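Student: next one to model:
(chains A and B)
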Number of protein chains: 2
Amino acid sequence: MQAETIAPTATDFDEAARDAVYRAIFTRRDIRGQFLPRPVPDELLARLLIAAHHAPSVGYMQPWNFILIRDAARKARIRDLVCRASAEEVRQIEDARQVLYRSLKLDGIIEAPVNICVTCDRSRAADTPLGRWHNREMDLYSTVCAVQNLWLAARAEGIGVGWVSILDKEELKDLLGIPAEVTPVAYLCLGYVSDFAARPELESKGWRKRLALDELVSSESWTGAGEDNLKALIRSA
Amino acid sequence: MQAETIAPTATDFDEAARDAVYRAIFTRRDIRGQFLPRPVPDELLARLLIAAHHAPSVGYMQPWNFILIRDAARKARIRDLVCRASAEEVRQIEDARQVLYRSLKLDGIIEAPVNICVTCDRSRAADTPLGRWHNREMDLYSTVCAVQNLWLAARAEGIGVGWVSILDKEELKDLLGIPAEVTPVAYLCLGYVSDFAARPELESKGWRKRLALDELVSSESWTGAGEDNLKALIRSA
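Tutor: Below you'll find the model as predicted:
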């Protein structure tokens, strides 16, 4: 890996390398139903964790920890949390969509051979809050960057990842013995997959459409018109 | 780009493509001082925004917007926010580190040809809070995933990105006319760079060291011993 010893330049990505990065970004999926039982080698898991550990972090605080869950009994208890939370959440969804909601597979906790809880230790580097005095949530955001690094590296390795957010975080903390000052940011399910779908599942199942990106871009302010050339390029991409 | 039409399989990344993804992850840097005045082509900016737009989002809500800031006068006003916030923040840093803190360059707002404020519209898809009823912060986390996608795509394009978090978010909202229900998640500076440093600047300048990743990994619970093989592989990577 030698992550530390690479001496990069601004031109060190040729077109194929650049395209590989975009391919990981465009073909990454949130996996719930396509996990295979095939074990994930430790060598590969090590690479994914190293990728996560190279995320940006505010003040270089590296607030993350990684709890690996493989035990079937523990996975079953976490899955119970999701079932309970899902039964609560569906009541908050507009009536017309509740049938569709119930038809969705929302997690692959049991089938995925490895689960990883990625946490943020909010007390880490408390005496040097560089970059997070005004915005205390920056440590949480750094941890999310670690998750996204892991997710994209996993895609390049042919490993699917699903982020399960339908659960009560306090109950999850109890189940995993996570201290009060530590926040679980992401509960991830990992494994080889039968396929990566061509489109996000919530799009293909009709939950929501992909928004028009050019309508989400503005110039100089929230309502600022302009950037017409950029928007035209986005529309024609 | 044809982001929608790629039909991926689990084996579609050969070793070179996989390594390119890791290279983007390992050589990405938080850029403050290395920006060049060379303009960033709109074609390239469009690719970066499309990459951001393909981030995972809870319930596929795509809560993000992108405000591009190029105007020198506006950048100067935002830079004033950072100077003021930095003067406040330094007083929160332990005494022995304040000299080092003051010596750090903490933003490249003026020099970077393009700034982008990435926001999260917390009211979007309010009637269908799939995946965020129990964890309301998931929309913010989705927006961070978009930032990290953009950051890694930028690295592959030879574009440096710096995330400026030392500012008062309410003042930034005022300056950019951002509505109450929308949260600025990241203020980014983008541009070509003279170089990507071999190590993170806060590491090379002695602010903090990279933590030992194997000590951040546990098995089945926060205090769980185990995963010895995985930890040994991490140590030897």
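
Student: domains in chain A, by residue range?
Tutor: Residue ranges for the domains of chain A, per automatic domain parsing: A:27-206, A:211-237.

Student: any idea which of these is most buried?
Tutor: domain A:27-206 (a mean of 20; mean count of other Cβ atoms under 10 Å in any protein chain shown). Placement of C-beta: from N, CA and C, glycine included.

Student: what average pLDDT does it get?
Tutor: Throughout domain A:27-206, pLDDT has a mean value of 97.

Student: just checking, what packs against the longest strand along chain A?
Tutor: Under DSSP state E, the strand in chain A containing the largest number of residues is strand A:182-192. Using 3 or more Cβ pairs under 8 Å, 6 or more residues apart in numbering or on different chains; DSSP states H and E, the elements in contact with strand A:182-192 are strand A:114-121, helix A:138-156, strand A:159-164, helix A:169-176.

Student: export those to JSON lines and tack on distance to B:A96?
Tutor: Shown next, in JSON lines, are the helices and strands packed on strand A:182-192 (distance: least, Cβ to Cβ, whole Å):
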{"stretch": "strand A:114-121", "distance to B:A96": "22"}
{"stretch": "helix A:138-156", "distance to B:A96": "22"}
{"stretch": "strand A:159-164", "distance to B:A96": "40"}
{"stretch": "helix A:169-176", "distance to B:A96": "34"}
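
Student: so which of those gets nearest chain B?
Tutor: helix A:138-156 (3.9 Å; Cβ to the nearest Cβ).

Student: what's that closest one packed up against?
Tutor: Short answer (3+ Cβ pairs under 8 Å, 6+ apart): helix A:138-156 packs on helix A:15-27, helix A:42-53, strand A:64-69, strand A:114-121, strand A:159-164, strand A:182-192, helix B:15-27, helix B:138-157.

Student: looking at those, which is closest to B:E220?
Tutor: With respect to B:E220, and counting by Cβ to Cβ, the nearest of these is strand A:64-69 at 5.9 Å.

Student: so how far is that closest one off the chain centroid?
Tutor: A distance of 14 Å separates the centroid of the chain from that of strand A:64-69, by Cα atoms, centre = their mean, to the nearest Å.

Student: show me what it is packed against.
Tutor: Using 3+ Cβ pairs under 8 Å, 6+ apart, the elements in contact with strand A:64-69 are helix A:42-53, strand A:114-121, helix A:138-156, strand B:217-219.

Student: tell me which of those lies nearest to A:R84.
Tutor: A:R84 lies closest, by Cβ to Cβ, to one member of the helices and strands packed on strand A:64-69: strand A:114-121, at 17.5 Å.

Student: OK, contacts around A:D168?
Tutor: The neighbours of A:D168, taking Cβ atoms under 8 Å, 6 or more residues apart in numbering or on different chains as the test, are A:L81, A:R84, A:A85, B:H134.

Student: backbone phi and psi for it, please?
Tutor: Main-chain torsions, A:D168, degrees, to the nearest 10: phi -90, psi 120.

Student: among the contacts of A:D168, which are located in helices?
Tutor: The helices, defined by DSSP state H, take in A:L81, A:R84, A:A85 from the contacts of A:D168.

Student: dump the residue contacts of the last one.
Tutor: Listed by Cβ under 8 Å, 6+ apart, the contact set of A:A85 reads A:I166, A:L167, A:D168, B:W133, B:H134.

Student: same deal with A:N135?
Tutor: Contacts of A:N135 (Cβ under 8 Å, 6+ apart): B:S165, B:L167, B:K169.

Student: doesn't A:W133 make contact with the first one?
Tutor: In this case it means B:S165. No. Counting by Cβ atoms under 8 Å, B:S165 stays clear of A:W133, with 9.3 Å between them.

Student: picking up where we left off before, possible to save the contacts of A:D168 as JSON lines with distance to B:A232?
Tutor: As requested, those are exported to JSON lines (distance: Cβ to Cβ, whole Å):
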{"residue": "A:L81", "distance to B:A232": "32"}
{"residue": "A:R84", "distance to B:A232": "38"}
{"residue": "A:A85", "distance to B:A232": "36"}
{"residue": "B:H134", "distance to B:A232": "37"}
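
Student: and these, which is closest to B:H54?
Tutor: B:H134 (25.7 Å).

Student: now do the contacts for the closest one.
Tutor: A:A85, A:E88, A:E89, A:S165, A:I166, A:L167, A:D168, A:K169.

Student: the last one is in contact with A:A186, isn't it?
Tutor: By that I understand A:K169. No. The criterion here is Cβ under 8 Å, and A:K169 misses it with A:A186 at 10.8 Å.

Student: can you say which of the helices and strands packed on strand A:64-69 is nearest to B:I109?
Tutor: Here helix A:138-156 is closest among these (Cβ to Cβ), at 17.2 Å.

Student: run the chain-centre distance for the closest one.
Tutor: 6 Å.

Student: and if you look at stretch A:89-97?
Tutor: 24 Å.

Student: so who does A:A17 touch?
Tutor: Counting by Cβ under 8 Å, 6+ apart, A:A17 has contacts B:A16, B:A17, B:A20, B:R23, B:A156.

Student: wait, doesn't the third one sit right on B:R155?
Tutor: In this case it means B:A20. No. With contact defined as Cβ under 8 Å, B:A20 does not reach B:R155; the gap is 10.4 Å.

Student: common neighbours of these two, please.
Tutor: A:F13, A:V21.

Student: sorry, back to before: C-terminal to the longest strand of chain A, what's the next element?
Tutor: Per DSSP states H and E, the first helix or strand lying C-terminal to strand A:182-192 is helix A:201-204.

Student: any part of that next one near chain B?
Tutor: Yes. Using Cβ under 8 Å from any Cβ of the partner chain, helix A:201-204 reaches chain B at A:L202, A:E203.

Student: confirm for me that A:H54 is in contact with B:R29.
Tutor: No. Assessed by Cβ under 8 Å, A:H54 is found out of contact with B:R29, at 10.5 Å.

Student: please report how far A:G177 lies from chain B.
Tutor: In this view, A:G177 and chain B are 4 Å apart by Cβ to the nearest Cβ, to the nearest Å.

Student: what sits against that residue?
Tutor: B:S221, B:W222, B:T223, B:G224.

Student: can you redo the residues you listed as TSV with pLDDT, secondary structure and distance to B:L176?
Tutor: Converted to TSV, those look like this (pLDDT from 0 to 100; DSSP: H, G, I helix; E, B strand; the rest coil; distance: Cβ to Cβ, whole Å):
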residue	pLDDT	secondary structure	distance to B:L176
B:S221	98	coil	44
B:W222	98	coil	40
B:T223	98	coil	45
B:G224	98	coil	45
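
Student: among the residues you listed, which two are most distant?
Tutor: B:W222 and B:G224 (7.1 Å).

Student: anything in contact with each of those two?
Tutor: With Cβ under 8 Å, 6+ apart, B:W222 and B:G224 have common neighbours A:I67, A:G177.

Student: what's the closest of the helices and strands packed on helix A:138-156 to B:L48?
Tutor: Short answer: helix B:138-157, nearest of the helices and strands packed on helix A:138-156 by Cβ to Cβ, at 5.1 Å.

Student: the inter-axis angle of that closest one versus strand B:64-69?
Tutor: Interaxial angle, helix B:138-157 versus strand B:64-69 (axes from the mean of the first three to the mean of the last three Cα atoms, to 10 degrees): 50 degrees.

Student: angle of helix B:138-157 against helix A:15-27?
Tutor: Using the same axes, to 10 degrees: helix B:138-157 against helix A:15-27 is 170 degrees.
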